[in-house]
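Peer 1: model this:
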Amino acid sequence: MLNKKILLIQPSPYDQNHKPIKKGRLYFVGLAMPLLAAMMPDDWESEIILEILEDIPWDTDADIVGISSMGHGVIRSIDIAKKFKEMGKTVILGGYMVSIMAEEALKYCDAVVVGDAELIWSELLEDYEKGKLKNIYEKNLEKGFFSTPLPRFDLIVNKKIGDFLPVQAGRGCPNVCSFCSVACLYKGHYIKKPLDEVVRDIKQVKELGFKKFLLLDDNIFSDRKYLHELLNEIKKLNMEWMSQCDIKIGKEDELLKQLSESGCTTLSFGLESISRESLIGMNKGWANPSKYPELIRNIQRHGIDVSTEMVVGGEGDTLESIRMTKDFIEENKISVPRFYILTPIPGTKFFKDIVAEGRLINDNIYSFDGTEAVHKPRNMTPEELTSAYWDLYESLFTYKSIIKRNILRKEFLKNPGKYLFYCIVNLFYKYQIKSGITPNIF
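Peer 2: I've put the predicted structure just below:
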């Protein structure tokens with residue numbers, strides 16, 4: 001009896017010409033597909049396609065096609081789903097974006113996975129084999145621990161990926177920012193993996209020949225006790241690593257020292273805005289932008305680089321505050337900043353508020369890519385917001401600004417190779433911006 005087969009696809013976002021973006025190397029590899037491949041029964045074969053590196057095999061002999069969805073890449077995810085569905089394939093959609101608009105996504109596939117796929121994957125496969133596939137599979141843990149098998153990285157390590165692989169210790173975040181898809185799914189909860197599983201996963205990355213890993217948590221500062229115990233274990237493994245969390249960790253000298261000693265080299269922060277009013281409007285009033293510089297400097301003093309993600313178009317944002325964001329980024333030596341236009345994603349509190357106030361100007365949710373205003377901001381026109389967004393990006397990715405943020409800093413002489421690499425990333429972002437593409441971490 002022949003084995004059955006699943007094709008798992010990590011789609012590439014579209015460029016301005018509606019063509020899938022292609023790259024020579026993918027640094028930020030997703031974890032979902034290697035995990036699902038690891039959960040397939042023995043009589044199933046798995047194949048993973050990273051579309052940003054390779055073409056989709058439309059002539060596949062796969063029985064099931066599983067497609068992920070993230071951010072502005074959801075449009076491509078749905079287009080792939082539609083084409084395979086027309087070809088008679090059984091198509092499964094999952095990921096953050098389809099999870100928060102499952103009924104809409106179901107128009108283009110046979111089943112939608114809402115939330116954590118590992119919790120329902122065995123049930124879904126059993127239903128498929130019985131010919132009784134349900135429309136929506138949904139299960140989210142809101143407390144306690146979750147468990148996963150070892151990811152099937154053997155299916156991707158022969159591809160042109162970067163010098164690190166992803167590992168996950170926890171999911172969710174105690175913060176409930178109004179625009180955030182994570183808050184929609186986890187509702188302020190943080191769930192963890194047992195420490196021995198996290199250590200097991202990091203060891204696998206090391207055994208595969210990698211010296212770095214990405215801790216793919218939404219907010220590693222969600223559980224102080226757990227993080228402390230995790231850092232003790234990571235330190236023993238002698239690896240470099242990166243992650244993301246909230247900026248409040250900048251107050252924690254002892255914890256920052258422990259992070260640095262464990263091998264943490266970079267932390268990414270969703271600062272969102274330098275406007276206090278905008279942060280309050282995002283249900284992020286716990287963050288104080290006047291404290292950002294002090295917190296960033298303290299993190300950098302501990303030898304940890306700071307990467308940022310911010311949004312423009314919040315309730316307190318003005319054209320002047322968006323222009324001032326350039327100075328903030330340069331003065332704080334942010335090596336690789338990223339920005340998005342604040343976008344009311346369906347399912348989020350922000351979307352519900354904008355619709356209730358009659359401020360949504362575009363109801364085509366498939367055009368919501370974070371690069372064009374789709375709602376009426378408080379202090380400018382939508383057209384002015386879109387223009388200010390691109391002006392901000394262009395002003396920060398000039399040769400002068402790239403050098404100012406990465407070369408003209410005291411840390412450069414300590415590790416010139418790292419900051420020259422950041423310069424290369426910045427130059428690639430500069431090329432993307434010139435091409436009308438929002439720089440991304442793919």
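Peer 1: What segments of the stretch 301-442 of the chain are helices?
Peer 2: For the stretch 301-442 of the chain, applying DSSP state H, counting those that start in this stretch gives helices covering 319-331, 349-356, 382-396, 399-406, 416-434.
Peer 1: Just put those helices in a markdown table and tack on distance to M239.
Peer 2: C-beta coordinates here come from the backbone N, C-alpha and C atoms, glycine included. Formatted as a markdown table, the helices of the stretch 301-442 of the chain follow (distance: least, CB to CB, whole Å):
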| stretch | distance to M239 |
| --- | --- |
| helix 319-331 | 29 |
| helix 349-356 | 37 |
| helix 382-396 | 31 |
| helix 399-406 | 24 |
| helix 416-434 | 16 |
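Peer 1: Out of these, the one nearest A102 is which?
Peer 2: helix 349-356 (14.8 Å; CB to CB).
Peer 1: For that closest one, enumerate the helices and strands it packs against.
Peer 2: Helices and strands touching helix 349-356, by 3 or more CB pairs under 8 Å, 6 or more residues apart in numbering; DSSP states H and E: there are none.
Peer 1: and K132, which of the helices of the stretch 301-442 of the chain is closest to it?
Peer 2: Nearest of the helices of the stretch 301-442 of the chain (CB to CB): helix 349-356, 33.6 Å.
Peer 1: Mind listing what's buried along that closest one?
Peer 2: Of the residues in helix 349-356, 349-351, 353-354 count as buried by neighbour count, 16 or more other CB atoms under 10 Å.
Peer 1: what does stretch 392-412 give?
Peer 2: So for stretch 392-412, counting by 16+ other CB under 10 Å, buried means 392-393, 395-397, 401-402, 404-406, 411.
Peer 1: Show me the contact partners of that stretch.
Peer 2: With contacts defined as CB atoms under 8 Å, 6 or more residues apart in numbering, stretch 392-412 is touched by 300, 305, 312, 322-323, 325-326, 329-330, 333-335, 337, 339, 419-420, 422-423, 426-427, 429-430, 433, 438-439.
Peer 1: Strands of the stretch 201-350 of the chain, residue ranges please.
Peer 2: Applying DSSP state E, counting those that start in this stretch to the stretch 201-350 of the chain gives strands spanning 212-215, 240-244, 264-272, 305-312, 337-341.
Peer 1: Can you lay out those as TSV showing mean neighbour count and mean pLDDT?
Peer 2: Shown next, in TSV, are the strands of the stretch 201-350 of the chain (neighbours: other CB atoms under 10 Å; pLDDT from 0 to 100):
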stretch	mean neighbour count	mean pLDDT
strand 212-215	21	95
strand 240-244	20	94
strand 264-272	22	93
strand 305-312	21	93
strand 337-341	22	93
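Peer 1: Ok, which of the ones you listed comes nearest L93?
Peer 2: Proximity to L93, assessed across those by CB to CB, is greatest for strand 337-341 (22.6 Å).
Peer 1: Between helix 319-331 and that closest one, find me the angle.
Peer 2: 160 degrees (axes from the mean of the first three to the mean of the last three CA atoms, to 10 degrees).
Peer 1: What is strand 337-341 packed up against?
Peer 2: Taking 3+ CB pairs under 8 Å, 6+ apart as contact, the helices and strands that strand 337-341 lies on are strand 305-312, helix 382-396.
Peer 1: Go through those and name the closest to P20.
Peer 2: When the helices and strands packed on strand 337-341 are compared by CB to CB, helix 382-396 sits nearest P20, at 21.5 Å.
Peer 1: Keeping just the C-alphas, turn the closest one into PDB.
Peer 2: Coordinates of each C-alpha in helix 382-396 appear next as PDB, following Å, rounded to 0.1, in the frame of the first residue of the first chain:
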ATOM      1  CA  PRO A 382      -5.500  58.300   4.900                       C
ATOM      2  CA  GLU A 383      -3.500  59.500   1.900                       C
ATOM      3  CA  GLU A 384      -1.200  61.600   4.100                       C
ATOM      4  CA  LEU A 385      -0.700  58.600   6.400                       C
ATOM      5  CA  THR A 386       0.300  56.400   3.600                       C
ATOM      6  CA  SER A 387       2.700  59.000   2.200                       C
ATOM      7  CA  ALA A 388       4.200  59.700   5.700                       C
ATOM      8  CA  TYR A 389       4.800  55.900   6.200                       C
ATOM      9  CA  TRP A 390       6.800  55.600   3.000                       C
ATOM     10  CA  ASP A 391       8.600  58.900   3.700                       C
ATOM     11  CA  LEU A 392       9.700  57.500   7.100                       C
ATOM     12  CA  TYR A 393      11.100  54.400   5.600                       C
ATOM     13  CA  GLU A 394      12.900  56.200   2.900                       C
ATOM     14  CA  SER A 395      14.500  58.700   5.300                       C
ATOM     15  CA  LEU A 396      15.800  55.900   7.600                       C
END
